[in-house]
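*Asks:* Got a sequence here, can you model it:
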Amino acid sequence: MPRNYTLENGKLYQERAEIPVFWSGDVIVAGGGPAGIGSALSSARNGCSTIIIEKHGYVGGMAAFGEGMPLGGAYPGYKKIGGIAEEILDSLRHAGPDSASVRDVKYFSLWFFHDPEYLRYLAGELLQQAGVKIMLHAMVVDVIMEGNTLRGVIIESKSGRQAVLAKATIDCTGDADIVAWAGGPFFTGDEGQKTMAFTLPYVMADVDVPRAWQSLDQDPRLVKATARALRDGLQLHADDKVWVLFNGIRPNTLYANNTRINGFDGSNTEEITLAELEARKRIAVHIAFFRKYVPGFEQAYVSKVGDQIGIRDTRRIRGEATLETADCISFKKRGDSVIRAAGPLDDVSRKKGGEGTESSVRQMQNDKDWYEVPYGALVPQGLDNILVAGRMFSSSHLAQAGTRGMGTMIGFGQVAGLAASIVAKKGIKAREVDVGELRRMLVEQGCDLDGTRSAEDHGDEKMYISGVIYPEND
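*Replies:* Numbers count the residues shown, from 1 in each chain. Down below sits the predicted model:
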């Protein structure tokens, strides 16, 4: 149907438009990444009609399009968080040949590497089996508010503009889009609103892996190789000082996470576009550098680049409770906790031009311990029926950095999905959910809130990371 627009003084005005209601039910999950998958499965399995809305042609988010990016955070203190996260990781591990590899990583406990194609298929199957309505190739573009209550969202796709209505909504956009549009308060970046560097991961194939590691052992920072390249006129970007390479799960491959794109706003589409283009230029330089100057890479080529650049932080909600840096450092335990977490407080460069490019990391003093995240960190202030799951939970910027592993995000999703089902069924506000009841139900549904399930037996192989990533490695 044609829409009537009027252009006045550089602004476009639209006459009253009729927007069809595409779906109406109990719970909306906006975003189909790890947190969205956990949210939708949890909501549906707890008896709520649920829709998940995802802009890509598959679910999985960074775990599906971030080539070589691990599902970390599922084993804080080498203890399983359990629940849906453990279900997905175990299913992936046995999905097929070379489907996954669990690796013991210093400071990070166990990292779960996987073939993203298995994840895309598996996650879609699980959601369908749970009865979740899956809407791909669609984006949430606006919210429908009635006071502090969100009645639904507006989505846009090839089918046009449509309305989706529900009793509760879980914001899994990664950037707190729903909360921001609904008028909820949020933080951005650090105290100076600087956000962490973007990275675009890629896979290098036809690598002579034993020779490559030998080269990297002999020149771990690639200082000598970089000097030779510079003499020949090949200039590497000043921000790309840290080389992060992982063994691939396919033969003769390495995962690479070497780009550091600084100074861009991950909630601004124009800036994300510039960052994407810059990252691909740098990857072309990286592969030329490795092929010519690092033995073992002579025949290497880029077999796959992530479908989308990786964004570490943008908006974080101001919640009913906040995970603080001190909580992480002290391994704080709490009676209102809904998930355990642990990890270095990794503050990847927030500056341009190579200044401070090496990661500034505050290591946790005991890799066998963990801290606990309060339920209120998933509940935005001032909004009645919205929860969040994902990296935009209420936290300090350093606490967020140590807690944003994708395995943890699946766990956040299970919490938010269960809480949203309670909100929808009882007609209460998200802040009114009984945390004691929520904790009891999480335990009944397989979550380990006390750290009683050892994950030591899950380490398949040791992790090797080249270069100097943390100052402590010097």
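*Asks:* the bottom helix or strand of the protein by mean pLDDT?
*Replies:* strand 461-462 (a mean of 43; mean pLDDT, DSSP states H and E).
*Asks:* how many neighbours does the closest residue to Lys368 other than its chain neighbours have?
*Replies:* In space, and not counting its chain neighbours, Lys368 is closest to Gly77: 5.1 Å by Cβ to Cβ, 6 or more residues apart in numbering. C-betas here are computed from N, CA, C, even on glycine. Neighbours of Gly77 under the rule other Cβ atoms under 10 Å: 20.
*Asks:* Please settle this for me: is Gly77 part of a helix?
*Replies:* Yes - using DSSP: H, G, I helix; E, B strand; the rest coil, the assignment for Gly77 is a helix.
*Asks:* Output the below-cut-off pLDDT ranges for the stretch 301-450 of the chain.
*Replies:* Flagging of the stretch 301-450 of the chain using pLDDT under 70 yields the residue ranges 348-363.
*Asks:* where along it do the strands fall?
*Replies:* All strands of the stretch 301-450 of the chain, identified by DSSP state E, counting those that start in this stretch, fall at 301-305, 315-317, 337-341, 345-347, 360-362, 371-374, 386-388.
*Asks:* Out of those, which is closest to Gly73?
*Replies:* Ranking these by their distance to Gly73 (criterion: Cβ to Cβ) puts strand 337-341 first, at 6.3 Å.
*Asks:* how far out from the middle of the chain is that closest one?
*Replies:* 17 Å (Cα atoms, centre = their mean, to the nearest Å).
*Asks:* Equivalent analysis for stretch 396-405, please.
*Replies:* Centre-to-centre, stretch 396-405 and its host chain are 11 Å apart (Cα atoms, centre = their mean).
*Asks:* from what I can see the residue nearest to Lys368 touches Met364, true?
*Replies:* No - between Gly77 and Met364 there is no contact under Cβ atoms under 8 Å: 9.4 Å.
*Asks:* On the pLDDT front, check Thr169 for me.
*Replies:* You'll see Thr169 listed with a pLDDT of 98.
*Asks:* Confirm it sits in a strand?
*Replies:* Yes - Thr169 sits within a strand when classified using three-state DSSP.
*Asks:* need the contact list for it.
*Replies:* For Thr169, the contacting residues are 27-30, 150, 152-153, 178, 385-387, 420, by Cβ atoms under 8 Å, 6 or more residues apart in numbering.
*Asks:* how many degrees apart are whichever helix in the chain runs longest and strand 301-305 in direction?
*Replies:* Using DSSP state H to define each element, the chain has its longest helix at helix 269-293. Put simply, helix 269-293 runs at 160 degrees to strand 301-305, going by axes from the mean of the first three to the mean of the last three Cα atoms, to 10 degrees.
*Asks:* So which elements touch helix 269-293?
*Replies:* Using 3 or more Cβ pairs under 8 Å, 6 or more residues apart in numbering; DSSP states H and E, the elements in contact with helix 269-293 are strand 202-205, helix 223-231, strand 301-305.
*Asks:* Look up how far Glu18 lies from the spatially most central residue of the chain.
*Replies:* The centroid of the chain falls nearest to Met406 when counting by Cα atoms, centre = their mean (5.2 Å). Between Met406 and Glu18 the distance, using Cβ to Cβ, to the nearest Å, works out to 40 Å.
*Asks:* and the chain, what are its domains?
*Replies:* As assigned by automatic domain parsing, the chain contains the domains 21-188+314-343+366-462, 202-311.
*Asks:* got TSV for the ones you listed, with distance to Leu12 too?
*Replies:* Shown next, in TSV, are these (distance: least, Cβ to Cβ, whole Å):
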stretch	distance to Leu12
domain 21-188+314-343+366-462	15
domain 202-311	18
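*Asks:* Packed most tightly, which of the ones you listed would that be?
*Replies:* The highest mean neighbour count among the domains of the chain, using mean count of other Cβ atoms under 10 Å, belongs to domain 21-188+314-343+366-462: a mean of 22.
*Asks:* residue contacts, the closest residue to Lys158 other than its chain neighbours?
*Replies:* Residue nearest to Lys158 in three dimensions, not counting chain neighbours: His137, with 6.6 Å by Cβ to Cβ, 6+ apart. For His137, the contact set (Cβ under 8 Å, 6+ apart) comprises 55-57, 157-158.
*Asks:* hmm, 10 Å instead?
*Replies:* 53-58, 157-159 (Cβ atoms under 10 Å, 6 or more residues apart in numbering).
*Asks:* swap in Ser330?
*Replies:* Applying Cβ under 10 Å, 6+ apart, we find Ser330 in contact with 324, 365, 369, 371.
*Asks:* Which of these lies at the shortest distance from Phe297?
*Replies:* Nearest member of the contacts of Ser330 to Phe297, counting by Cβ to Cβ, is Gln365, at 37.1 Å.
*Asks:* isn't that closest one right up against Leu345?
*Replies:* No - counting by Cβ atoms under 10 Å, Leu345 is not a contact partner of Gln365; they are 11.6 Å apart.
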